[in-house]
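S.K.: need a structure here:
(chains A and B)
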Amino acid sequence: MAKNNKTAINPRRDEDYPIWYQEVIKAADMAENSDVRGCMVIKPWGYAIWENMQRELDDMFKETGHKNAYFPLFIPLSYLQKEADHVDGFATECAVVTHHKLTKNEEGTLVPDGELDEPLIVRPTSETIIGASFAKWVNSYRDLPVLINQWANVVRWERRTRLFLRTAEFLWQEGHTAHATKQEAVDETLKMLNVYRDFAEKILAVPVIIGEKSESERFPGAVSTYSIEAMMQDKKALQAGTSHFLGQKFAKAAGIKFQSKETKEEYAWTTSWGVSTRLIGALIMVHSDDNGLVLPPRIASSHVVFLPIYKTDEERETVLAYIDDVKTGIKAHGRYHERHLVIETDDRDLRGGEKNWEWIKKGVPLKVEVGMRDIEKNSLAVLRRDNPELKKEFINKDEFIASIHETLDDIQNNLFERAKAFREDNTKIIDDTKDFDAFFTPENKEKPEIHGGFAMSHWCGSAKCEEDLKELKITIRNIPLHGKPEEGKCINCGEDSSMRVVFAKSY
RNA sequence: CGGGCUGUAGCGCAGGGGUUUAGCGUACGUGUCUGGGGGACAUGGGGUCGGCGGUUCAAAUCCGCCCAGCCCGACCA
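M.R.: Numbers count the residues shown, from 1 in each chain, chains lettered A, B, ... in the order given. Down below sits the predicted model:
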């Protein structure tokens, strides 16, 4: 059998990152483009990740007092219009429903018919329609706070789409809350931002920077927007989740009013926050390597795959029985972080090497080969996907069973630490304009190599400086919440600045 | 929405007005041998050449329009 030195994914990350990304998705069988422009089909291996995200997040939302509900897919056009900034932000990317039936024309082809009096838009986000409900639900300070989350699909008619990162239709959750006081709403906004950070770091093993968005990057209609920002392996930033303090703007637009203790009529203070299937894109781009997907165990579609190796039917029985035995042992060991371990046995009649590579490309954390030789030695041939050398280890069966949770945790931590080290290696404190320009300028302009990273530099706070820096194709990702106040000079204009912000190229 | 590149079998590609049935690699089916890192041999099946229209005796091939994908911009959660 020829030893093969080439990588499973072509091109490699350093050769062509965008194509590498698509190939990883294809090789892992996670999703594909559909016949509908900009929309994807999420296949079982990819969807399982989303289901796991949903379960983990849903628990966290419930623990912080939120309840799930569901609101309509369609939003009357007039609702969107109620909040001026909101309209400006979304009007250019709305799918609009104008008819309610189809009829056959003379040629026998189906054409839209029955024009609606008022067009409906397919929700790009639900502030306005949920606001309308809140307005009905809230009359007294006793009705507050209202803490609602919805799991839904939304549509944004994006010009340029990429699987998971930006699709015309995507899945997400959107939390919407209403509060009696400003402080309470601000606290909620930050609380959920922290929930997102915990989720990203603990479950996805993706380190993030939490911070506030600059005015130009703010959610349309928000008073302030906060984000979690992650660094991908091409050193670009990805906004992985947002939390918005909406002030009283949407409350005023929708009429969410209540009578206070002091019997005064007041507008509520609202928030909204969301994460989407874009997180799957983040997961791929943070952990995967030149051999395909690498999944952190806490979010993995499956945790362990057994590959039985045998020659005869008799051996097959023996091997499968041995595997069953190991499985039973693992199950008896209890749940992994309150989740049943998902264990597969791949007994398809495929050649060994091919089957091996398939699971490597799918990123399953532990791949275990079992053959007669292992059985004789009461051992297992285990491959940890986080091992870049792809070297398998022979481990005693009972030890494997006893330590499987620790092994999975070790993989989880390893992936997190690796991602964090990568981000730290590529985050620079830069005060000199020339250094700053050089940092963000590729050597090869025609086909830019992977370069840059996060620059922690001073910013005076003006929108003009932010605009000027777009020449370098960078934006302010966010203003870190826990940054130490520090006097300095704006990297663009040299004016006084009291804060360092995160500059980066982004998705 | 602008610029560039690309659409031929599941995937990757060749062919670039006429060569009787459109090829190659790989994947897929069957058989034998194999089997602990991407097998071997044999034998099969699979195609509206992205779509529509035009030029022509003849179009995968030339022309026009459209659609889709990717990259770069603009725009944007």
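S.K.: mind listing what the nearest residue in space to A:Arg423 that is not next to it in sequence touches?
M.R.: Distances taken as Cβ to Cβ, 6 or more residues apart in numbering place A:Met231 nearest to A:Arg423, at 4.3 Å, with adjacent residues excluded. C-betas here are computed from N, CA, C, even on glycine. Listed by Cβ atoms under 8 Å, 6 or more residues apart in numbering, the contact partners of A:Met231 are A:Pro207, A:Ala237, A:Leu238, A:Val286, A:Ala419, A:Phe422, A:Arg423, A:Asn426, A:Thr427, A:Gly453, A:Phe454, A:Ala504.
S.K.: Compute the distance between the second one and A:Leu293, please.
M.R.: As defined by Cβ to Cβ, to the nearest Å, A:Ala237 lies at a distance of 21 Å from A:Leu293.
S.K.: The first one now?
M.R.: Computed with Cβ to Cβ, the distance linking A:Pro207 and A:Leu293 is 19 Å.
S.K.: ditto for the third one
M.R.: When distance is defined by Cβ to Cβ, A:Leu238 is 17 Å away from A:Leu293.
S.K.: Please say which of these two ends up with more neighbours.
M.R.: A:Leu293 (27 against 23; other Cβ atoms under 10 Å).
S.K.: Surely that one and A:Tyr21 touch.
M.R.: No: using Cβ atoms under 8 Å, A:Leu293 is not in contact with A:Tyr21, being 10.7 Å away.
S.K.: what touches both of these two?
M.R.: By Cβ under 8 Å, 6+ apart, the residues touching both A:Leu293 and A:Tyr21 are A:Ile284.
S.K.: So which bits of the stretch 101-250 of chain A are right by RNA strand B?
M.R.: A:124-125, A:156, A:158-163, A:166, A:217, A:219-220, A:227, A:239-242 (Cβ under 7 Å from any atom of the strand).
S.K.: all helices for the stretch 1-150 of chain A, in order.
M.R.: A:17-27, A:44-63, A:77-80, A:84-90, A:127-137 (DSSP state H, counting those that start in this stretch).
S.K.: Rebuild those helices as CSV, extending it with mean neighbour count.
M.R.: Formatted as CSV, the helices of the stretch 1-150 of chain A follow (neighbours: other Cβ atoms under 10 Å):
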stretch, mean neighbour count
helix A:17-27, 19
helix A:44-63, 17
helix A:77-80, 18
helix A:84-90, 17
helix A:127-137, 21
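S.K.: A:Leu380: which of those helices is closest?
M.R.: helix A:44-63 (23.7 Å; Cβ to Cβ).
S.K.: so what secondary structure elements neighbour the closest one?
M.R.: strand A:146-155, strand A:169-179, helix A:182-198, helix A:278-287 (3 or more Cβ pairs under 8 Å, 6 or more residues apart in numbering; DSSP states H and E).
S.K.: Pull the distance from that helix to the chain's centre.
M.R.: 11 Å (Cα atoms, centre = their mean, to the nearest Å).
S.K.: same deal with stretch A:160-173?
M.R.: 11 Å.
S.K.: taking the residues of the stretch 101-250 of chain A next to RNA strand B one by one, which sit in strands?
M.R.: Counting by DSSP state E, these place A:Ser227, A:Gln239, A:Ala240, A:Gly241, A:Thr242 in strands.
S.K.: partner residues bridging the first one?
M.R.: Counting by DSSP bridges, A:Ser227 is bridged to A:Gly211, A:Thr242.
S.K.: for it, what are its contacts?
M.R.: With the criterion set at Cβ under 8 Å, 6+ apart, A:Ser227 makes contact with A:Leu193, A:Ile210, A:Gly211, A:Glu212, A:Lys213, A:Gln239, A:Ala240, A:Gly241, A:Thr242, A:Ser243, A:Arg477, A:Asn478.
S.K.: Derive a PyMOL selection command for the buried subset of those.
M.R.: The buried residues among those can be selected in PyMOL (16 or more other Cβ atoms under 10 Å) with this line:
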select buried, chain A and resi 193+210+211+212+213+239+240+241+242+243+477+478
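S.K.: What is the nearest of the contacts of A:Ser227 to A:Ala185?
M.R.: Closest to A:Ala185, out of all of these and judged by Cβ to Cβ, is A:Ser243, at 11.0 Å.
S.K.: So the residue nearest to A:Ala402 when sequence neighbours are not counted versus A:Gly131, what's the distance?
M.R.: Nearest non-adjacent residue to A:Ala402, counting by Cβ to Cβ, 6+ apart: A:His333, 7.4 Å away. Shown here: A:His333 relative to A:Gly131, a distance of 48 Å by Cβ to Cβ.
S.K.: One more: A:Pro124?
M.R.: 15 Å.
S.K.: domain parsing for chain A?
M.R.: A:17-287, A:304-413, A:427-504 (automatic domain parsing).
S.K.: next one: phi and psi at the residue nearest to A:Arg423?
M.R.: When read as degrees, to the nearest 10, the backbone of A:Met231 gives phi -100, psi 130.
S.K.: same thing with A:Ser497?
M.R.: Per degrees, to the nearest 10, the backbone of A:Ser497 is at phi -140, psi 150.
S.K.: Show me what it bridges to in the sheet.
M.R.: A:Gly488.
S.K.: Grab the nearest non-local neighbour of A:Gly363.
M.R.: Here the residue nearest A:Gly363, using Cβ to Cβ, 6+ apart, is A:Leu293, at 3.2 Å.
S.K.: same deal with A:Ala504?
M.R.: Going by Cβ to Cβ, 6+ apart, A:Ala504 has A:Ala237 as its nearest residue, at 4.1 Å.
S.K.: pLDDT score assigned to the one you found?
M.R.: What the model reports for A:Ala237 is a pLDDT of 95.
S.K.: Also the one 10 residues further on?
M.R.: We note a pLDDT of 97 for A:Gly247 in this prediction.
S.K.: ok, now A:Ser140?
M.R.: 97.
S.K.: Correct me if wrong: it contacts A:Phe258.
M.R.: Yes: counting by Cβ under 8 Å, A:Ser140 touches A:Phe258, with 5.6 Å between them.
S.K.: In terms of packing, which of those two has more residues around it?
M.R.: A:Phe258 (21 against 11).
S.K.: tell me which element that one is part of?
M.R.: Here A:Phe258, judged by DSSP states H and E, is contained in strand A:257-259.
S.K.: Now do that strand: distance to the chain's middle.
M.R.: The answer for strand A:257-259 is 36 Å, by Cα atoms, centre = their mean.
S.K.: List the contacts of A:His451.
M.R.: Contacts of A:His451 (Cβ under 8 Å, 6+ apart): A:Lys235, A:Phe439, A:Phe440, A:Thr441, A:Pro442, A:Glu443.
S.K.: Also A:Glu184?
M.R.: Contacts of A:Glu184 by Cβ under 8 Å, 6+ apart are A:Pro145, A:Trp269.
S.K.: Next: A:Tyr47.
M.R.: By Cβ under 8 Å, 6+ apart, A:Tyr47 has no neighbours at all.
S.K.: Report pLDDT for it.
M.R.: Model confidence at A:Tyr47 (pLDDT) stands at 94.
S.K.: just the domains of chain A: most buried one?
M.R.: Stretch with highest mean neighbour count among these: domain A:17-287 (a mean of 19; mean count of other Cβ atoms under 10 Å).
S.K.: A:Asn194 contacts A:Ile210, correct?
M.R.: Yes: with contact defined as Cβ under 8 Å, A:Asn194 counts as touching A:Ile210 (7.2 Å).
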